[in-house]
Every structure is written in C-alpha cells, then in structure tokens.
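K.L.:
return atomic coordinates for the entry below.
(chains A and B)
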Amino acid sequence: MPWPEKNRYLGKPTPRADAPAKVTGRAKYTADVVKPGMLFGAILRSKWPAAEVRAINLEKALAAPGIKAAITAQPVPFIVNYYGDELAAVAGTSRQAVLDALELIQVDARPRAFVTQELDAIKPDAPRVVPDSPNLGEGKARETGDVDAAFASSAGVIEGLYETQVELHHPLEPQGSAVLWDGDEMTAWSSTQGVHGVRTAFASSLEVPQNKIRVLCEYMGGGFGSKFMPGVQGILCARLAKAAGAPVKLMITRFEQALAVGNRPSSHQKIKLGADATGKLTAIQLESFGTPGHRSGASTGGGSGGAAFPAPYIYQAPATRIKQGSVAINAGQSCAFRAPGHPVASFGIESALDDLAVKLGVDPVAIRILNDPLEIRRREYQVGAERFGWKEKYRQPGSSSGPVKIGVGCAGSAWNSGMVRETQAEVQINSDGTVDVHCGIQDLGTGSRSVVQVVAAEMLGIDLALVTAHVGDTHFPPGPSSGGSRTTSSIAPAVYDACEKALAELKERSGIEDPRGANWKAACEKLAAFPVQGHGRWREGLADGGSKVAQGGVQFAEVEVDTETGFVKVRRVLVVQDCGQVVNSLTCESQINGGVIMGLGYALYEQRMMDRTTGVVLNPNFETYKLPGPADMPEIDILMIDQPERGVIGIGEPCTVPTASAIANAVANAIGVRVASLPITPDKVLAALGKVPGAGRQDTTALEIEQAFARLAAAPATTAREEIHA
Amino acid sequence: MNAFSYVTAQTPESAVQLVRTNGRFLAGGMDLLGEIKEGIAAPATLVNVKSLPGIAAIQASGQVWSVGANVTLTALAAHPEIVRSFPGLAEAAAEVGSPQIRNVATVGGNLAQHSRCWYYRHRDVKCRKKGGTTCLARGGENKYHSLFTGNMCISPCVSNLAVALASLDARIVVQRGAKSETLTIAQLYADAWRSPPAHNSLRADDLILRVELPVVAARRSTYLQLGEKADFDWALVSCAASASVNGTSLSQVRIVLGAVAPTPWQVDAANASLEGKPLTPALADAAADLLLREARPFSTNGYKVPLAKVLVRRALLKLVA
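P.N.:
Here you go, the predicted structure:
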C-alpha cells in the first residue's frame, strides 16, 4: 500500500523531536560525555609539510604529570605528507597536561621538499608529493561525436576558465570520540554520520570482533560528509584508551579541523561550449584539474582520492570531449563534502552556459529550458521564473544604473538520492499506548528523529507525542550512514513496514479490527506486560521514485554589487526543489535553508589558504576562514515541489548544489563581466571590473595555467567509468 | 602553556611596577588571550587592570572629552555624547568584531592590539615580526596587508579606534613609569612604522590610561570600512574623516586610512588640499590620490588602492551630506 493520501502529520510541519533538548542544553553531544576516570586525549601533528619520520621518543611525555598513555600514530618510520599529519597521541588527566606533554615528544624527522600550490605541483621539476608517482594523476578522458567539427559549425562558441577553491569541513561540532573499554569490549561515543560504519571501521582497524563494539551517537553537530568513519583521531582515541586502561575522550580542535579531516577539492576548469543560434548546445569540451590533497591518482567524483566531478554536468551535446585530472599537493586530503563534486561541476558549466547565453543573446532561463534533459527541472525553471519575477528583473548584463548594480542568475542541480534497501526498523507498542521506534541511523542535525516519529504516528494513527524515536546506537536495527541524501528515503519505508507488522499483531492480540486512532488505547491495554514488536524492512513502492527518476532542483539569486568597493550582497535566493513525498515540511525547509547558506559561503567567503613557503594552512580559524554570518543572509524563498507519487526522496545535498552558481551568474549579470573564480571577494570583483591597476592575472600565472592544461592534455588517460548523474 | 601569575593592580603606578616581570596587562583580554593560547605570547605575569580606578568612564572637562582605557567598545559606541560629538569614533567602535567581543573589548586594548597578520598569528610560523629573518607575507599571501610600510614587516594597523582617533586629533594618555605622558596617535604607532617587531610605540610597561578628545566647533566626523562580510569581519580598508563644515566647504580636514599601513595613514598634503574648498567628488578623488601616491602594493593587495579611494570619497561626501 502506498503512502496515505489524507495525512495528519506526513508532509506537514512538525517541530523536530529533539529541539527542546538542544535549546535547553540537555542534549549531550560526544564532547559532553563524561565517564568516571575519563582522560583527555590529544594529537601531535606534523609541523613539516613533508618529512620522513625516523624516530619518535615518547619517554618524556609519558613521564609528564598526569599522562597515562602515549602512542605513535603509526609504526615508525613513516612518511608525513602534509602540515597537520598525525605523529603521535597522548592521554592524560587534564587537557592542559596533555597539551603540555605533546611538546615533550621528540621527533626525529628528515624534512623533504614540498609543494602546496597546484600550479607549482604540475611543473616538471616540482617535488613529488608521493615519491613513486607523478603529482599530476592520470587524466580521465571521454569523447563522443566529432567535437572539432561541431565547434566549427556552431553559431556561437565561448571558451572560459572557471575556478573553484578548496572548501574546508567546519561542522560546528568538530570530529571526535570517547572510548571506554570493558575487558575486550569497547563502547565508543562518536560524532558520526554512521554508527554502523564506524563500528565496522573500529573493528577492522583495532582487530576486535564487531560484536564486541558498540557505537553511540545520540546527538551530533553536523558532518556534511566528513564523519563517516572514526578517522585517525577516533582510532587513536581507542588505542589510547586501551593503552591507558581508562576511558579517553579525544575531540579535535577548530585548528586541527582545518588541516586533517577533509575538504572539497579545488578545480580549474577550461570549458568550451558551442551552440546553434537558438542556444541549443552542439558541443561541450571540458578539461579540468584540481587538488584532492596529498593523494592523487584515480578519480572518485570529488570524494577522497580525486578531484574529478560529474561532467558534462546536467547538459548534454552531440559532441563531447572531457578530460579531468587531479594534482597532488602537500595538504590535507579531501573527502565527501555535501554533494561531492556537484557544486564544483555546477559552477563551471552553469557559468559557461550563461556566458554562452549572453554571447548568443538568449535569455539564461530559456537556454536552460532548451538544453536541460530533465522534465522536472524544466518545469521548475518555469515555475521559479514566474515566482522570482525573472522577466521583470532580468536585464542586459551590467545595465542597471548607478554604482550599486543589481543582477539575477539561476542554475540547476542534479541528484539521485536512492536509498539503502537493507535498512531496518523496529516498532514497539506498549500497553500504555506509547511507542518506541528503534533505528540504527543517526540524526546528524537534519531531524531524522522526527522523520521516524512522523511516519510512525501517521501509520499507527496516533498522536505524535506517543512516539519516541531512538537512534544512534549499533544495538538498534541496521540503518544507513547519513550520506547521499538517503536517510529519509531509507528509513521512512522501514518504519512504515514495521508499523504495518506491529499493527497486524496488535489487531490479532487485541481482537480489535482497526486498533488505530480512537481504538488505540483500548487495544494497547490488552497487551499487558508483553509489548508488540514489529520488525520492518525497507520495501518497494514508498521511496523508489528517486532511483527511477533523477531529481532536480533549480535556484534563482538576486544580488547587488557595489562596483566601487567590489562588495557583493545577496538579496534573495529562490529555491525550487523537487521534494517527492515530503515527510516533515519544517525540517525539509530547514535543510534547504542550510544548503543555501552553505552555498553562499562557497560563493562568497570560504577558501583554504595554503602558504607556499611554510606549507601551513594560513587560516585555520573562523577569523580568516570566513563563513557567512547573520548579516550576510539573503531572503531565502523555498518552493517545495511536493510530488507524493514519487515517494520519499532526499534533498540534503541537491539544495546546496546550484546556490553558488546562481549567485555567480547574478554577479556577472549585475556587473557585466564574469568573476570566474570562487569565492567572489571584493578584490576579485574590482579586478574583473578593471579597477585594480596592474592586476588581473599576472602573465606568469596565465602562462602557468596554459602549461598546466598542456600537461594535462599530454598525461595518460583512462576511460572513465560510467557515473550516475543525469 | 607556561604557568603565569595573576595579580590585580589597584593603581596605575603599581600596575606598571607589576608588569615589569615579563608581564602583560589584562583588561578585556580579547587580543592577549588569543596570543597566549596560540603560543605567541608567554607572559610570566598577567596584571589585571580592570579594577583600576577612574579609567572606565567617559566624561567631559571643559573643551576636552576623556574616554577611559577600560571603557568597553559597546559603551563607547552607545554613549549619547560620543555619538553626537564624535560620530566617527562611535561608528568605528560599532564596527569592531561582534556584540560579544564589543561587550568585553576595551578602548585601551583596541589601541594596543597586536598584528593580525596570519603569518604572525600562526603558532608554527616564525615571521620577521616574531624575530624571524624575513617577512613571509611579502612573497606570500598578502591580500590583507599594507600598501605602505617603513620596515620589512607589512602587517597593517587594524585598530578601528586608532583610525577614528587620528582623524579627531585625539591624545593618548599613558602611564609611563611614575608619571603620565601624552602621545598623539602618530606617536603611538611610530615604532610600528620603523621597527618590524613593534606593534606600536608602547614600551612593555606603558599602560594606556585614557583617550582625550578635543571639542572643535562645527566639526563633523565619520568612519567607514569595508570587509569581505557584512558584519563581524576585519576591514580590508577603513577610512575616518573629520572636518569643520561650513555648507559644503571643509576646513581643518583630517582624512585617515586604516589597514593600509602599520600606522593609521595620513598625508598632510591630502588634508591641506581640501582646506576651505567646496567639496566635490573630483576634489575628494584628488585628495585620495595624494593619500595613496606612495602606495606600493604587493602581489595580491593592489585592490586596496581603488577601495581606499572610494572610501575616502564616500567619507568626505558623508561629512557634507
């Protein structure tokens, strides 16, 4: 049976179940875990961007007051490849004792030559980050059609260089775990996006049977792709606890967060587009490289290991030539980052498409509707343009009067959230009418508890307040990691199924034909001391629309740009998002707000700065790694395209994909020239407007970029594996 | 972290005595605690000056307003008489950090704060300002750095108040040994212009007591800054201006730029060029050109030149608006 058509909760706004606990401070996060005798852990990190570590002497640290354990990060000797790489860790009775002890650890290391800038790393004489492989990884190449002929016969061709920065993972709660050993059994409180995945990783790293490990994550403060695994810090925490014979808590600091726990790879994208006179794409050529950090090589779509991204993104042409490479530098490694690869891909292609539209004199919305293969997005552009007032607002680039110029832009997102079919849930109906739902998922801040609660209350026909959702525990039925925007589409059907089974048993044991709603109390009373349990699994028909039909979203942005100062203010962002069957409209909206804000940071503020000379991250703090604040917020207008017939789908990632692209297009529309590099800061705006004497790209940089692309072209290519991005 | 002792001074004289054992003065602590936590400063003694009598008030005496060193930026920005008579100062205070920071940060601390250069502030980098051999920003990442400097270090003065106070001809009263001395803003930062390790001209045992502001008839003032974010961000460039205004004519003009030099940046010829003339955008631009004539941008801070120019024009036009 499908989702009910008449709903009490489903699709309606429900305040998140744990909001009171969070705003009153009763919610306990990993950092709040305190156990008797618990020690503090901390990590000694490399001050060398590259070195051979020959010996580590822990004796003085171990002898320091309050220190109970000290270990090396790996068996010595080993190589460190970036500033911040883990060397050793200590545990002790106070945070200060531990920090002091770190300074007593003696490390014998031989520094190696290093390189922290992508353009430097590509040069033939650059130091190799990984000694036995070149810094420029194998290109991923693909070609269809006769590309050169297609360009030659196109009515309009544009070519541009579009660049994106390395974005750092900065969830408000940093990474960390607390670990307690009881004999050979281990309990870990981890700030994680996947309790089950963390258990598996702990078990294999520590060589402990999985059934001896329990991982808990009752509350956590964001992950965005950086918290699927225990991380080096989690493993070190567990090892310290074992070595000390006492529980240890190891939360990393904001400083460390900037070095070693993942980031979004950068990109340099050389894009050439051709179209006929109407704007229909005839050819797409894209060459790109970026850095995923100190490991390069095979691309994995913007996750760890590579700097490639879906290409061509969204738009297709009869002739397409793609080559994507990745460059190793001595810097912290990338990892999954909210919609891995997509915002990067979106910025390049959506910028290029707008430049093409301008060249051809075609309206940017029209060129998208003409070229977008997805019906949902085409419809969203139409609906969104109307709501946004696109026709009235869109003017020729740079044509608004006065020094503060207004501009508008738009862009789309592609996603395919899918689901995890193995997801399970357990519903227990108690004799007092209350219900416990157990799911081995975790709520990383998106409101997953409320999803569970809403589905159970809806299916059982009872008041929401009767349902308690229990999540974040490997003792609960297996659930997916919270990634790929698929938690909701995985867990909602499993809870549905569990409710159906529990209801069937309740009906049988109570003898009441329909125990829901008005009959609930009477039916439950008959259970006495033996609650009903229904064990549910994900099933077809409730959330599989997402896998059959790609998801789409579009966004529109309106900005004002002060052409004298270069300052960009985003006035308004309109989100038109394909939402399938909405479960909780309030948290759905909240997710979209967060996605837009993250996209705003990507567009205007955030950028990791690596120093060429010292190899350090220059902005390991919120002072100079800039995040959007309240005063920077635009009006965010959300139009959820509710399509119940598609079942439950996820929106956590797609809603952040097109924000930066739409803002960048709006900036270009406002000022009449493109700032083709994120983040769009005042210095870049002034330079693009020709107001910075002697600026723009210096000749040497332009030459280096050309040489880099030449090397990319000459690099060996592998045929890309098919990626699922429509 | 090094252990330190903590003492509360009851008089300015005892405060400067106590600080001499490798100590630092502690008021709001916004700047100092960050330096200690990052391992940049390791004082043996923290001398709490929050209890010193008579330096937490804003008061008038004849034709001089006095702002105590312990006045918080929140109090300064909200003080009705400061807002009325010295709007540029109130505006400069209101642009500092966040409300939480302004509630704690003090006037003295804002003036005495150390460099925010990201090389200087990095725990594992030894730059010229920290006794290293070279300024890493010169050949490195310098988008937030100076256009002018008299020494190797190119980290700019980022005190909002310094810029505003320079435009108001303020004097800084400092406890120096047993007596108090009075410095101009130019004197307060002269050493930072000359010497790489210096953040200002204060000796380790100099304690800022108060700021004195002369009341000048018909004088108007203003302060503008531009950051990369709308709020809670450092100025890329700031500009303070003051002048006696007669219609659209300005006299006794003080135009000062911040975040472009190790000191608040003034050029006498720029001030003089505006004297007694009706202000026009062209005149303002010409004055800005005089201010910026000696600018020597580095690899990525050249944008500060046009940015400074427009802030100068806007600040001057705001005076006659």
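
K.L.:
get me the contact residues on the stretch 151-300 of chain B for chain A.
P.N.:
Within reach of chain A by C-beta under 8 Å from any C-beta of the partner chain, the stretch 151-300 of chain B has these residues: B:L226, B:E228, B:K229, B:A230, B:D231, B:F232, B:D233, B:W234, B:L236, B:P297, B:S299, B:T300. (Each C-beta comes from the backbone N, C-alpha and C, glycine too.)

K.L.:
at 6 Å what do you get?
P.N.:
B:L226, B:E228, B:K229, B:A230, B:D231, B:F232 (C-beta under 6 Å from any C-beta of the partner chain).

K.L.:
of the residues you listed, which belong to strands?
P.N.:
Among these, the residues falling in strands (DSSP state E) are B:L226.

K.L.:
now the buried members of the residues of the stretch 151-300 of chain B next to chain A.
P.N.:
With burial judged by 16 or more other C-beta atoms under 10 Å in any protein chain shown, the buried subset of these is B:L226, B:E228, B:K229, B:F232.

K.L.:
could those go into CSV alongside pLDDT?
P.N.:
Below are those laid out as CSV (pLDDT from 0 to 100):
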residue, pLDDT
B:L226, 98
B:E228, 98
B:K229, 98
B:F232, 96
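
K.L.:
may I ask which two of those residues are separated the most?
P.N.:
Spatially, the most separated pair among these is B:L226 and B:F232, at 13.8 Å (C-beta to C-beta).

K.L.:
which neighbours do those two share?
P.N.:
Common neighbours of B:L226 and B:F232, using C-beta atoms under 6 Å, 6 or more residues apart in numbering or on different chains, do not exist here.

K.L.:
around chain B, pick out the residues from the stretch 301-450 of chain A.
P.N.:
Counting by C-beta under 6 Å from any C-beta, none of the residues of the stretch 301-450 of chain A come close to chain B.

K.L.:
check the stretch 301-450 of chain A for the residue nearest chain B and tell me.
P.N.:
Closest to chain B within the stretch 301-450 of chain A is A:P403: 8.5 Å, counting by C-beta to the nearest C-beta.

K.L.:
what's the burial count for that residue?
P.N.:
10 (other C-beta atoms under 10 Å in any protein chain shown).

K.L.:
contacting residues for the closest residue to chain A within the stretch 51-200 of chain B?
P.N.:
Nearest residue of the stretch 51-200 of chain B to chain A, counting by C-beta to the nearest C-beta: B:W118, 4.5 Å away. Counting by C-beta under 6 Å, 6+ apart, B:W118 touches A:L618, A:T624.

K.L.:
residues contacting the most centrally placed residue in chain A?
P.N.:
The residue lying closest to the centre of chain A (C-alpha atoms, centre = their mean) is A:R338, at 1.5 Å. With contact set as C-beta under 6 Å, 6+ apart, A:R338 has these partners: A:F224, A:G225, A:E653, A:T656.

K.L.:
any idea how far the residue lying closest to the first one once chain neighbours are set aside is from B:L226?
P.N.:
Among residues not flanking A:F224 along the chain, A:R338 sits closest, at 4.7 Å (C-beta to C-beta, 6 or more residues apart in numbering or on different chains). Counting by C-beta to C-beta, to the nearest Å, the gap from A:R338 to B:L226 is 30 Å.

K.L.:
what's the answer for B:Y119, then?
P.N.:
Between B:Y119 and B:L226 the computed distance is 23 Å (C-beta to C-beta).

K.L.:
in TSV: the contacts of A:R338, plus secondary structure.
P.N.:
Below are those laid out as TSV (DSSP: H, G, I helix; E, B strand; the rest coil):
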residue	secondary structure
A:F224	coil
A:G225	coil
A:E653	coil
A:T656	helix
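
K.L.:
domain-wise, how is chain B divided?
P.N.:
Segmentation of chain B into domains, based on automatic domain parsing, reads B:58-113+B:161-214, B:219-320.

K.L.:
so which of those comes closest to A:I429?
P.N.:
Minimum separation from A:I429 across the domains of chain B (C-beta to C-beta) falls at domain B:58-113+B:161-214, 47.9 Å.

K.L.:
quick one: the strands in the stretch 301-450 of chain A?
P.N.:
Assigned by DSSP state E, counting those that start in this stretch, the strands in the stretch 301-450 of chain A fall at A:319-328, A:404-415, A:424-429, A:435-438.

K.L.:
the stretch 101-250 of chain B: helices as residue ranges?
P.N.:
Secondary structure of the stretch 101-250 of chain B (DSSP state H, counting those that start in this stretch): helices at B:107-112, B:160-167, B:185-194.

K.L.:
and those helices, which is most packed in?
P.N.:
Ranked by mean neighbour count, these are led by helix B:160-167 with a mean of 29 (mean count of other C-beta atoms under 10 Å in any protein chain shown).

K.L.:
now that helix: average pLDDT?
P.N.:
Mean pLDDT, computed over helix B:160-167, is 98.

K.L.:
that helix to helix B:185-194, inter-axis angle?
P.N.:
Note on geometry: by axes from the mean of the first three to the mean of the last three C-alpha atoms, to 10 degrees, helix B:160-167 and helix B:185-194 are set 120 degrees apart in direction.

K.L.:
I'd assumed A:A666 was in contact with A:V559.
P.N.:
Yes: with contact defined as C-beta atoms under 6 Å, A:V559 reaches A:A666; the gap is 4.3 Å.
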